[in-house]
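Student: show me the folded form of this:
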Amino acid sequence: MQPIAICDTLLAREVISVRERKWKDFEGVSRRANGDVSRVSINPDGEIMIDIATYRRMGEPLAVKLMYEESTRTIGIAPEHVDVPSAVIVRRRPQRSTRVVRSRPFFKACGIDISRSLRLASAHLEAATLILDLQTAVSIGHGWKKVDKEKARQELAAQIRAEREKEKQERIKVQQELRAERESLRQQKLQALEVERELNKRQREIDRARRDWESRHGPIDRV
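Tutor: Alright, predicted model coming up:
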């Protein structure tokens, strides 16, 4: 009985192996461990992070110009002279060799909404121009947790701004009160000086009248 059971099992496996399976191909962009591939990412703050190797292949420019091809949703980053008004300065990320190009106005002007950090898996160079295809971008983060974290960050930032505005208004109020108090003291001082001048004037008039009387009638003490 045992040899028959083994044959049945092998036959069943053979039937399964020739059965047409309904596979679903993975169409996402997987990570490649290739040192020649540019490692570029974009975050919601409008920062484009470029790895040092790619930056060097671009010629290590001090500034770049940003371009956008709307039909293919492709960003182009090309070296530009730093004196050009539209050029964006390339900065070094603190404690890292990564270079950062930051320009929120560019993303806003092109209508590019970056709600979460993206890795540009197909980033590559065409001559000295870095090509970033947003259609092949891969999201970096943890889904809804990332969104909640961003929302919490925005709420915290709004709260900090509100507190700073409140402190600013309180400082303005205190400064206004101090100015009003100083003005009040100044007016009181002016009034005191005016009273003092009036008293001195009256005293001089009294002294003059006394001298006139004494010149005609003699000293007052003898009268």
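Student: what helix or strand does the nearest residue to residue 93 once chain neighbours are set aside sit in?
Tutor: Excluding the flanking residues, the one nearest residue 93 by Cβ to Cβ, 6 or more residues apart in numbering is residue 100, at 5.2 Å. The C-beta positions use only the backbone N, C-alpha and C, and glycine is treated the same way. Here residue 100 sits within strand 99-102, counting by DSSP states H and E.
Student: what's the per-residue pLDDT of the nearest residue to residue 51 once chain neighbours are set aside here?
Tutor: Of all residues not flanking residue 51 in the chain, residue 39 sits nearest, at 4.1 Å (Cβ to Cβ, 6+ apart). For residue 39, the pLDDT comes out at 87.
Student: so who does residue 39 touch?
Tutor: Contacts for residue 39 (Cβ atoms under 8 Å, 6 or more residues apart in numbering) come out as 51, 53-54, 119, 123.
Student: picking up where we left off before, burial measure for the residue nearest to residue 93, as a count.
Tutor: For residue 100, the neighbour count with other Cβ atoms under 10 Å is 18.
Student: and the residue sitting nearest the centre point of the chain, what does it touch?
Tutor: Closest to where the C-alpha atoms of the chain average out (Cα atoms, centre = their mean) is residue 45, at 6.5 Å. Residue 45 makes contact with 102, 104, according to Cβ under 8 Å, 6+ apart.
Student: wasn't it part of a strand?
Tutor: No: judged by DSSP: H, G, I helix; E, B strand; the rest coil, residue 45 forms no part of a strand; its state is coil.
Student: backbone dihedrals for it, please?
Tutor: phi -80, psi 0 (degrees, to the nearest 10).
Student: from residue 57, how far off is it?
Tutor: Distance, residue 45 to residue 57, by Cβ to Cβ, to the nearest Å: 25 Å.
Student: could you do residue 120 as well?
Tutor: From residue 120 to residue 57 the distance is 15 Å (Cβ to Cβ).
Student: please apply the same query to residue 200.
Tutor: Counting by Cβ to Cβ - residue 200 and residue 57 are separated by 88 Å.
Student: between the two, which one's more packed in?
Tutor: Neighbour tally, residue 200 and residue 57, criterion other Cβ under 10 Å: the higher count belongs to residue 57, 14 against 10.
Student: my guess is the more buried one contacts residue 125, does it?
Tutor: Yes: assessed by Cβ atoms under 8 Å, residue 57 is found in contact with residue 125 at 5.8 Å.
Student: for the next helix or strand after the strand holding residue 100, which positions count as buried?
Tutor: Scanning forward in sequence from strand 99-102 by DSSP H and E, the next helix or strand is helix 104-110. Within helix 104-110, the residues scored as buried using 16 or more other Cβ atoms under 10 Å are 106-107.
Student: do stretch 128-137 as well
Tutor: 130-134, 136-137.
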